[in-house]
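Peer 1: structure for the following, please:
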Amino acid sequence: MSGYQTPQEAFWAGAFGSDYTQRNQGERLVASNASLFQRLLAKASPPASILELGANIGLNLVALRQLLPEAHLAAVEINPEAVSHLRRLPEVEVFHESLLEFQPPRAYDLVFTKGVLIHIAPEQLPKVYDLMYRASRRYVALAEYYNPTPVSVPYRGHLDRLFKRDFAGELLDRFPDLRLVDYGFVYRRDPAHPQDDLTWFLLEKTAGNTAI
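Peer 2: Residues are numbered from 1 along each chain as shown. Okay, the predicted model is just below:
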């Protein structure tokens, strides 16, 4: 695994992650992401700083830049090819490393994942939950595959590379000061803005600024 803690990290840092990067590009995806974040942030105060954990080539950040032109944007990404794309985006702070090693240098108004927690080794999820909470000044958001109980699902012919569970519920249980602000579902058959059957959640810290 060449220095990684889990086989899942090596998987995404290597050829599979690079192939994913090449498959998932285009303005249609950006438009769908803009629609998703418009809904996700409808009940939030506009965040001035945003950190995405597992940003790939930055299609979510491009969409957020359209919605929040003045926001400071930052990204953490493990795959080197995706990082090369991220570094071409204007005014995006890029960290090339694993989420399991990342130490945030500051707090951000919003910290989020989209289709990332589902690929984290389940035993490492508490570490990522702690990172999301610690790096957030106010909001934590996630858009992931939901299942009420944890399950492992074959992913493009690979075992133990995709996991569904109630990620938001686990965050709420782990950090009692988090409150559920809003949630929803985005569907792959949406005629205007399809997404990959994701359930999204917006959570807010209520115990004041305890970040970093």
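
Peer 1: against which helices or strands is the longest helix along the chain packed?
Peer 2: If you go by DSSP state H, the chain has its longest helix at helix 27-40. With contacts taken as 3 or more Cβ pairs under 8 Å, 6 or more residues apart in numbering; DSSP states H and E, helix 27-40 sits against helix 59-67, strand 136-144, strand 178-186, strand 198-205. Quick note: C-beta positions are derived from backbone N, CA and C, even for glycine.

Peer 1: tell me the strands beside whatever helix or strand comes next after that helix, with direction?
Peer 2: Moving toward the C-terminus from helix 27-40, the next helix or strand (DSSP states H and E) is strand 49-53. Sheet pairing of strand 49-53 (DSSP bridges) gives strand 72-77 (parallel), strand 108-114 (parallel).

Peer 1: distance of the residue nearest the centre of the chain from residue 129?
Peer 2: With distances taken as Cα atoms, centre = their mean, residue 113 lies nearest the centre of the chain, 1.3 Å away. Separation of residue 113 from residue 129 (Cβ to Cβ, to the nearest Å): 10 Å.

Peer 1: and the one helix or strand in the chain whose mean pLDDT sits lowest, what other elements does it pack with?
Peer 2: Using mean pLDDT, DSSP states H and E, the weakest-scoring helix or strand in the chain turns out to be helix 15-23, at a mean of 88. Packing partners of helix 15-23 (3+ Cβ pairs under 8 Å, 6+ apart): helix 80-86.

Peer 1: average pLDDT across the helix it packs on?
Peer 2: Averaged over helix 80-86, pLDDT sits at 96.

Peer 1: and what of stretch 50-65?
Peer 2: 97.

Peer 1: and what of stretch 136-143?
Peer 2: For stretch 136-143, mean pLDDT rounds to 98.

Peer 1: please apply the same query to stretch 154-168.
Peer 2: Across stretch 154-168, pLDDT averages out at 95.

Peer 1: show me what residue 93 is bridged to.
Peer 2: Assessed by DSSP bridges, residue 93 has beta-bridge partners residue 74.

Peer 1: so how far is residue 16 from residue 186?
Peer 2: Note on residue 186: its distance to residue 16, by Cβ to Cβ, is 24 Å.
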